[in-house]
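>>> Next come a sequence and a model predicted from it.
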Number of protein chains: 2
Amino acid sequence: MLSKKAKYAIHALIFLAKHQEQGPILISTIAESERIPHKFLEAILLDLKKDGTLGSKKGKGGGYYLIKKPSQVNMADVMRLFDGAIAFLPCVTHRYYERCEECKDEETCGIRDAFLQVRNATVEILKASTLEKVIARENRLLEK
Amino acid sequence: MLSKKAKYAIHALIFLAKHQEQGPILISTIAESERIPHKFLEAILLDLKKDGTLGSKKGKGGGYYLIKKPSQVNMADVMRLFDGAIAFLPCVTHRYYERCEECKDEETCGIRDAFLQVRNATVEILKASTLEKVIARENRLLEK
DNA sequence: CAAATACCCTACTAAGTTTATAGAGTGTAT
DNA sequence: ATACACTCTATAAACTTAGTAGGGTATTTG
């Protein structure tokens, strides 16, 4: 399951994308609108800033804003940032690769292939799920 | 990531399937061969028994054995048994359905669709990954 | 029947992770 | 100068995971 951090991050990103033209948005504004604990959201937005997804401005009129285009922000990257590797086994991840400690012989491991397929399918779908598409989908659903 | 419980369960099942014709296998035998803490494995095998996958016999000459055919035991079921729902969001699971508490309106949620696709793809792949196929794959790799 | 065998069950503990909260610090605009 | 709003460090409560302890129960064998 996704952690709350990842879910909050996604909701915050959607909010920021929807209000992009309003300039910097206060943490408090997002926190209230999305019902996210203020201090918790602070840490989340900071992570997204260090990641290069968001920018921030201090002082009056300050707040957070999207740096990347909504078409460049995808669910796979957000998930990785907050919850780590997407794969179910450490031996089938690309960037966080580690041997499975329970595994006697990785070369002849019968389950690796299935979990590698799962990983690849998951990454493909989540990479394609960009902020732009997510918001387009919400708007489409709202119109009905 | 898969829990150790789920990984241990998979390894124990593979072991049991490979030694199927030997009759009941001792917990200790599996524990030593697969390097799983004895008491921990006990609990795991008991869960698999309650689930209907394994049978057991008490007393001398006792132990655990597969009840289902290796072609009927798949990774999706094992994962669900030990780690719960496969989906990343509670609102896209079939049997453990719950609303996402962070979600304001499920009907217009823009991310549900992507995570539903992920769930469906994952379940499909893991359902197809049966004990029979996993073992066949190991044997194929060993021959090379 | 008795004793050994081996699974069954309940409770507990240690460690790690997640989900926060508190409060002081730093930079910015007016 | 001062209010504003993000930044950083530390801490704590709740929950989950992984593993341990110890006795209970059923079955086989002599």
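On my side now, so go ahead. Residues are numbered from 1 along each chain as shown, chains lettered A, B, ... in the order given.
>>> contacts, neighbours, all on C-alpha from now
OK.
>>> Can you pull the phi and psi angles for the residue of chain A found nearest DNA strand C?
Using CA to the nearest atom of the strand, the closest approach of chain A to DNA strand C is made by residue A:59 at 3.1 Å. Torsion angles at residue A:59 (phi, psi; degrees, to the nearest 10) stand at phi 70, psi -180.
>>> Report how many residues lie close to it.
6 (other CA atoms under 10 Å in any protein chain shown).
>>> Just the pLDDT for it.
pLDDT recorded at residue A:59 is 96.
>>> Any figure for the gap between it and residue A:29?
As defined by CA to CA, to the nearest Å, residue A:59 lies at a distance of 15 Å from residue A:29.
>>> Give me every residue in chain A lying close to DNA strand C.
Counting by CA under 7 Å from any atom of the strand, the positions of chain A adjacent to DNA strand C are A:3-5, A:37-40, A:57-61, A:83.
>>> can you do 10 Å?
A:1-8, A:35-44, A:56-62, A:82-84 (CA under 10 Å from any atom of the strand).
>>> Buried only: go through the residues you listed for me.
The neighbour-count test (16 or more other CA atoms under 10 Å in any protein chain shown) marks A:5-8, A:35-36, A:41, A:44, A:56, A:82-83 as buried among the residues of chain A next to DNA strand C.
>>> Sort out which of those are in strands and list them.
Among those, the residues falling in strands (DSSP state E) are residue A:56.
>>> possible to save the buried ones among the residues of chain A next to DNA strand C as a markdown table with pLDDT?
Formatted as a markdown table, those follow (pLDDT from 0 to 100):
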| residue | pLDDT |
| --- | --- |
| A:5 | 98 |
| A:6 | 98 |
| A:7 | 97 |
| A:8 | 98 |
| A:35 | 96 |
| A:36 | 97 |
| A:41 | 98 |
| A:44 | 98 |
| A:56 | 98 |
| A:82 | 98 |
| A:83 | 98 |
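>>> ok, which pair from the buried ones among the residues of chain A next to DNA strand C is furthest apart?
A:56 and A:83 (23.0 Å; CA to CA).
>>> Let me see the ranges of the helices in chain A.
Counting by DSSP state H, chain A has helices at residues A:4-18, A:27-34, A:38-50, A:75-83, A:112-128, A:131-143.
>>> Determine the set of other helices and strands touching the fourth one.
By that I understand helix A:75-83. With contacts defined as 3 or more CA pairs under 8 Å, 6 or more residues apart in numbering or on different chains; DSSP states H and E, helix A:75-83 has these neighbours: helix A:4-18, helix A:112-128.
>>> now the longest one: how far from the chain's centre is it?
So the one you mean is helix A:112-128. Put simply, helix A:112-128 sits 16 Å off its chain's centre (CA atoms, centre = their mean, to the nearest Å).
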